[in-house]
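>>> Test case, fold it:
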Amino acid sequence: MSDRVLLEQLKLFFRPSFLARYGPFAAILGLGIVHWDSAPIWVLPVAVVMHGAATALLEYQRVQFWREEPRWDGAKWMGVTLFQAAIAGLTWAASTVLWFAPGDAVRQTFLCLILLGLISASMVVRASVPKAFFVHMAITILPAVFLMLLEGSIASIVTGVLALIYMLFAANWTKQINRDISDLIQLRIQNHDLIESLKDSAAGAIAARAAAENAREAAESGARAKSEFLATISHEIRTPLNGILGMADILKEAALAPNQREAVEQIQESGTALCVILDDILDLSKMEAGRLRIEKREIAIRQVVQGVMRILQTRAWEKRLTFTATIDPRVPEIVMADAGRLRQVLLNLAGNAIKFTDSGHVTIKVEPLGEAHPPRHLLFSITDTGIGIPGDLQPLLFQPFTQLDSSYARRFSGAGLGLAICRRLVSMMGGDIGVESEVGSGSTFWFTLPDCAQAIHPARSPQMATSSEELLAIKKSARALRVLIAEDDPVGQRVLSTILSSAGHQVSIASHGMEAMSLAGTGGFDVIFMDIEMPRLSGAEVIQMIRALPSRSRHVAIIGISGHPQDHLSSLGIDQAVDGFVQKPVTPHAVLEALASAIEADDDQEEAEDDSPPVIDTAALSDLQERLGQDTVVAVFSSYLTTLNDIISRLDSAVEREDVASAGGAAQDLASASADLGLAALSMVSRTLAHYAREPRSAQDVTAAVGEIKVQADLARSALLRLYPNIAAAA
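Prediction:
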């Protein structure tokens, strides 16, 4: 390595870093909150003093480094980097000993999560000097691993081993990043020398232009390599993150103390935030490399907006916000646009509106732009009653890696990429984007979609409800399915198996591609969840082989799973061979929604052949929610489920006494209550039993009718609890 490259690496190492200065204090604060009721009161001040002293020392050495310019001694300052790394690692080793909670798996896991997060951040800060990173990582992590192994429990041992495995991956990633940094520095030095050469010699102009072209190609190659590297890193991070968030979902369903539940929720929030940052970085990288394309197709505006509402509705309910959407009747039902990118912009803007609004409402509005009839240009606006944005900060909103002032940044985390990506996406679609805001009065973000409208049908309704599609998805996935999970990661297997088993489906597991192919060939499954990257035989190859089978198994629905985005399926040539896709880390909502969509065609055919009423009348329930509101509906259904249990007990008692009249009376009460709430199937079977009470029927007929009522009652109860999880809390 040349001295010039070494010095450039040292410059990167010693450049001012907000993350290096203040990140540890944020981590200390988090540890202090989580261990507030378990650690001695002096632990937090001691930790703050230790890290403050270490930070002051590191800042002093940073200042000294820049004062020596241009008389740098590379060997001397390389030693200083190792000293700095050791000091920083020792402070965290001491903090680990102070905050390690024997016997408390949740706090131990949170401590490890903090340490691994610090190592990930250190990778960014110290990647230019790998030895310094290795020293810092070893001193920081190994004491925690040692304590975990001494703890002796299975969870602690597994956590310690996983931390060691993560260290190996982190070391490998750091080496790769350092190689890229060295190559880029070398390229920059070469370009600098080339420019100086051009200044010194006009005679070498032709050769210099050729060299510059080569440098440009090298830079483009580097950009492509960067994009591929980011995509690979994203996939590798998403795989363990899938296990972390999936296990957190499972753990959250257990009986936890309030502080434990809060810690699990913090894990979920942090993991979700990391996913958003990964997606934003990948999108920005694609834009910079010119690889992101806008694909205009016929789309239903109402469905796109309603899908955004469905995704964000729960977050709005949690904050007690009124979340609505209005589509002007003049807007055509079908327009030409890129549904995925339009949805991405709406999700980002509406999600920000909900995040920055503590009370009031958030409204999505779609209306024509201009007086043309039929309209060709559309205006989308997202209005909230949130905190507002000062006028002097509004021009900064759409710049990449830009947040508002520190008061906003402390309250709402993020990488500052979302709005910048929205601006670029809207620009690629030919539109404009802007904001109108006043501090304390809320904000309106708007963007235009030009040359998109096609006058085919007017919008169905100016005011939209948001629960019908959710109810429809529940109805479509209500029947038990035979599901094959093809996934090589044991944690991923458990996450998917738990989600699907909890929904009432029969689950089988295949741990590699060959096993998946063998099981799929039997034709005994309705749906296959296929991990695209598997050992021995990749998921993509298995999918192609299944589709080539001559037996009925080729008709099985296949849902792809990958840490890569969905467009990765196109590069593998299997985008038309799958019936759905879920990106890691998976969520119960995404898995069940993909499952419902994959079996939609078969269910529609069955519904056409079966005239029996649905478990839930979606139109009736949507109307009920619109008239009463979310909170009232939850309270009504909580009371209804209590009544349902009482009536089932009355029916059982009547069957034991062979009292047909009492059974008929209870069934009539249940039929009336169920019909009023849109539970059509339960109401129908209850009316059948009520009719038996007026005609001579055998005890066997009554027993069979009560059994059918119980089946429909279980289906209705399951559907309601999945649609309104807060029912249990309200009850």
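>>> Do a quick rundown of the strands in the chain.
Per DSSP state E, the chain has strands spanning 297-300, 322-327, 334-337, 361-368, 378-384, 433-438, 442-449, 482-486, 506-510, 527-531, 557-562, 580-583. These are given in chain order.
>>> got these as CSV, with distance to residue 182 columns?
For the C-beta atoms, the positions are set from N, CA and C on the backbone; glycine is no exception. Supplementary listing: the strands of the chain in CSV, determined by distance: least, Cβ to Cβ, whole Å:
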stretch, distance to residue 182
strand 297-300, 44
strand 322-327, 50
strand 334-337, 44
strand 361-368, 48
strand 378-384, 45
strand 433-438, 39
strand 442-449, 41
strand 482-486, 40
strand 506-510, 42
strand 527-531, 35
strand 557-562, 31
strand 580-583, 33
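>>> closest to residue 682 out of the ones you listed?
strand 506-510 (24.2 Å; Cβ to Cβ).
>>> Show me which residues of that closest one are buried.
Going by neighbour count (16 or more other Cβ atoms under 10 Å), the buried part of strand 506-510 is 507, 508, 509, 510.
>>> for the record, mean pLDDT for it?
The average of the pLDDT scores along strand 506-510 is 91.
>>> okay, the angle between that strand and strand 527-531?
Computed with axes from the mean of the first three to the mean of the last three Cα atoms, to 10 degrees, the direction of strand 506-510 lies at 30 degrees from that of strand 527-531.
>>> Pairing partners for strand 506-510, with directions?
Sheet partners assigned to strand 506-510 using DSSP bridges are listed as strand 482-486 (parallel).
>>> what's in contact with the partner strand?
493, 496-497, 500, 505-510, 513, 515-516, 519-520, 524-531, 534, 539, 542, 595 (Cβ atoms under 8 Å, 6 or more residues apart in numbering).
>>> do the same with stretch 66-82
Contacts to stretch 66-82, defined as Cβ under 8 Å, 6+ apart, come from residues 3, 6-7, 10, 13-14, 61, 65, 126, 129, 131-132, 135.
>>> ranking those residues by neighbours, who comes first?
With neighbours taken as other Cβ atoms under 10 Å, the top of the contacts of stretch 66-82 is residue 126, carrying 27 neighbours.
>>> That one and residue 140 touch, don't they?
No. Taking contact to mean Cβ atoms under 8 Å, the distance of 11.5 Å between residue 126 and residue 140 leaves them out of contact.
>>> burial of residue 373, as a residue count?
Neighbours of residue 373 under the rule other Cβ under 10 Å: 9.
>>> Pull up the gap between it and residue 332, please.
Shown here: residue 373 relative to residue 332, a distance of 11 Å by Cβ to Cβ, to the nearest Å.
>>> And for residue 164?
From residue 164 over to residue 332 the distance is 58 Å, taken as Cβ to Cβ.
>>> Which of the two has more residues huddled nearby?
Residue environment comparison for residue 164 versus residue 332 gives the larger neighbour count to residue 332, 21 against 13, counting by other Cβ under 10 Å.
>>> ranges for the helices of the stretch 251-400 of the chain?
258-289, 301-318, 339-355 (DSSP state H, counting those that start in this stretch).
>>> Arrange those helices in CSV, one row each, with mean neighbour count, distance to residue 200 and mean pLDDT as further columns.
Converted to CSV, these look like this (neighbours: other Cβ atoms under 10 Å; distance: least, Cβ to Cβ, whole Å; pLDDT from 0 to 100):
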stretch, mean neighbour count, distance to residue 200, mean pLDDT
helix 258-289, 17, 33, 71
helix 301-318, 18, 59, 82
helix 339-355, 21, 49, 88
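>>> ok, residue 432 touching residue 448?
Yes. The pair formed by residue 432 and residue 448 meets the contact definition of Cβ under 8 Å, at 5.2 Å.
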